[in-house]
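# heads up, no residue letters with this:
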């Protein structure tokens with residue numbers, strides 16, 4: 001499993017793994033892929049700096065990347081305490097009432113309250129870029145379109161290529177015009193922020209539209225070597241996988257180091273039909289695991305989700321309470337339709353070895369069918 005892009009990055013396999021966990025990202029890089037650390041959860045640049053120092057020391061000298069979030073439409077700026085004042089009282093009342101109805105316990109008196117993710121703000125995302133460039137990232141990716149031109153230029157000045165997610169051909173073309181080096185063609189099946197065109201249609205459309213102007217990574221619905229082979233057959237230079245790493249043994253966020261969390265148990269028990277696309281997580285359309293929490297927001301009496309970043313600030317403490325709970329039927333988690341294949345907790349290295357082995361067998365089978 002080798003492509004020009006994997007050779008360019010000096011990795012064994014063209015498998016780019018996005019994850020909010022530094023332990024998973026490092027494991028992906030050590031296993032021959034390119035681990036990409038999601039930075040949006042770091043409100044404090046110093047915390048990100050410490051985490052990337054850990055990445056530098058725990059990837060065996062192999063390359064890794066970072067993923068920032070800079071929406072094309074600049075969100076309202078401000079500190080969490082200031083933005084909090086913009087949230088309507090009826091939205092707060094709905095969240096409180098829903099948590100009570102779902103039996104989600106309150107946080108303990110000594111628990112530090114979550115203030116919401118501020119990584120969506122351009123000011124915070126810019127600090128993520130500055131911190132990252134002080135380390136050794138092999139890639140900077142933006143989860144919501146092209147970063148501003150000056151950010152792309154800054155990355156290029158440091159010799160770092162830039163990637164951007166696209167859910168449509170027009171988006172992909174615009175990214176390349178802005179100077180993006182790699183387009184991540186993310187289909188409808190994907191978890192998190194995603195568009196409305198399915199992967200099987202989107203991938204070749206973007207490959208054909210871009211030609212040799214940029215490399216394309218295929219994303220959305222990838223969790224097997226057969227699907228990797230399909231992506232490369234459709235012209236992609238590699239794959240971008242996100243949801244599949246949530247049930248790895250290296251994933252330690254949310255207390256997963258003490259055994260499977262309620263979120264992981266929900267993921268393990270879900271089928272490919274158990275996701276929903278909604279704005280309730282961040283304020284922008286994102287595919288989430290379908291649970292009683294998402295069902296509550298879909299009811300007629302539920303308020304409309306707020307714009308980014310207000311929606312995430314609204315539900316931040318709710319997410320914290322839900323994560324601290326033990327009910328897998330009440331979780332708040334982005335996840336793609338590939339969740340139906342995520343049926344056990346396994347090490348990253350085992351997953352990558354399986355992807356490569358099945359890819360090889362798939363290519364051999366296709367070669368024999370000629």
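Perfect, I can see it now. For clarity, every value in this text was computed on a predicted model and none was experimentally measured. Residues are numbered from 1 along each chain as shown.
# how many other residues sit next to residue 224?
17 (other CB atoms under 10 Å). Heads up, the C-betas are built off the backbone N, CA and C, glycines and all.
# swap that for residue 184, please
31.
# was I right about it contacting residue 238?
No - checked against CB atoms under 8 Å, the pair residue 184 and residue 238 is beyond contact range at 9.6 Å.
# find the residues that touch each one of these two.
Common contacts of residue 184 and residue 238 (CB atoms under 8 Å, 6 or more residues apart in numbering): residue 217.
# I figured residue 24 hits residue 17, correct?
Yes - in this structure residue 24 lies within contact range of residue 17 using CB under 8 Å: 7.2 Å.
# can you list residues touching both of those two?
35, 245, 348.
# as JSON lines, the residues you listed with distance to residue 218, secondary structure and pLDDT would be great.
Listed next are the shared contacts of residue 24 and residue 17 as JSON lines, based on distance: CB to CB, whole Å; DSSP: H, G, I helix; E, B strand; the rest coil; pLDDT from 0 to 100:
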{"residue": "35", "distance to residue 218": "18", "secondary structure": "strand", "pLDDT": "98"}
{"residue": "245", "distance to residue 218": "16", "secondary structure": "helix", "pLDDT": "98"}
{"residue": "348", "distance to residue 218": "20", "secondary structure": "helix", "pLDDT": "98"}
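# any chance of these in TSV, with neighbour count and distance to residue 338 too?
Listed next are the shared contacts of residue 24 and residue 17 as TSV, based on neighbours: other CB atoms under 10 Å; distance: CB to CB, whole Å:
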residue	neighbour count	distance to residue 338
35	31	18
245	22	11
348	26	16
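# so, low pLDDT: which residues of this protein?
Scanning the chain with the threshold set as pLDDT under 70 gives 71-82, 111-120, 256-257.
# mind doing that once more with 80?
71-84, 109-122, 254-259 (pLDDT under 80).
# could you pull out the helices for it?
4-9, 22-30, 45-58, 80-83, 89-101, 122-133, 149-157, 169-177, 199-210, 225-233, 262-269, 292-297, 310-324, 348-368 (DSSP state H).
# deepest of these, which one?
Most buried of those by mean neighbour count (mean count of other CB atoms under 10 Å) is helix 22-30; its value is a mean of 25.
# give the contact list for residue 103.
327, 330.
# quick one: it and residue 293, what's the gap?
12 Å (CB to CB, to the nearest Å).
# same question, residue 144
With CB to CB as the criterion, residue 144 and residue 293 are 23 Å apart.
# in this structure residue 210 contacts residue 172, no?
Yes - counting by CB under 8 Å, residue 210 does reach residue 172; the two are 6.0 Å apart.
# give the residues shared as contacts by the two.
In contact with both residue 210 and residue 172: 183, 216, using CB under 8 Å, 6+ apart.
# please name whichever of the helices of the chain is nearest to residue 342.
Proximity to residue 342, assessed across these by CB to CB, is greatest for helix 262-269 (5.4 Å).
# output the contacting helices and strands for that closest one.
Packing contacts for helix 262-269, counted by 3 or more CB pairs under 8 Å, 6 or more residues apart in numbering; DSSP states H and E, involve strand 286-289, helix 310-324.
# between it and helix 310-324, how many degrees?
Here helix 262-269 runs at an angle of 90 degrees relative to helix 310-324 (axes from the mean of the first three to the mean of the last three CA atoms, to 10 degrees).
# tell me the gap between helix 262-269 and the middle of its chain.
17 Å (CA atoms, centre = their mean, to the nearest Å).
# out of the helices of the chain, nearest to residue 188?
Here helix 199-210 is closest among the helices of the chain (CB to CB), at 7.1 Å.
# for residue 339, what are its contacts?
191, 243, 267, 270-272, 274-275, 289.
# list the buried residues of stretch 230-248.
Buried residues in stretch 230-248, defined by neighbour count with 16 or more other CB atoms under 10 Å: 230-232, 234-248.
# that one spans what distance, first to last residue?
By CA to CA, to the nearest Å, the extent of stretch 230-248 from end to end equals 24 Å.
# kindly report the same for stretch 218-231.
End to end - CA to CA - stretch 218-231 spans 6 Å.
# kindly report the same for stretch 335-355.
19 Å.
# for the helices and strands packed on helix 262-269, give me JSON lines that also has distance to residue 166.
Shown next, in JSON lines, are the helices and strands packed on helix 262-269 (distance: least, CB to CB, whole Å):
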{"stretch": "strand 286-289", "distance to residue 166": "16"}
{"stretch": "helix 310-324", "distance to residue 166": "23"}
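# nearest to residue 59, out of those?
Here helix 310-324 is closest among those (CB to CB), at 27.2 Å.
# now the angle from the closest one to helix 89-101?
Using the same axes, to 10 degrees, helix 310-324 lies at 10 degrees relative to helix 89-101.
# tell me what helix 310-324 is packed against?
For helix 310-324, the packing partners by 3+ CB pairs under 8 Å, 6+ apart are helix 80-83, helix 89-101, helix 262-269.
# export these to JSON lines and tack on distance to residue 252?
What follows is the helices and strands packed on helix 310-324, written out as JSON lines (distance: least, CB to CB, whole Å):
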{"stretch": "helix 80-83", "distance to residue 252": "25"}
{"stretch": "helix 89-101", "distance to residue 252": "26"}
{"stretch": "helix 262-269", "distance to residue 252": "11"}
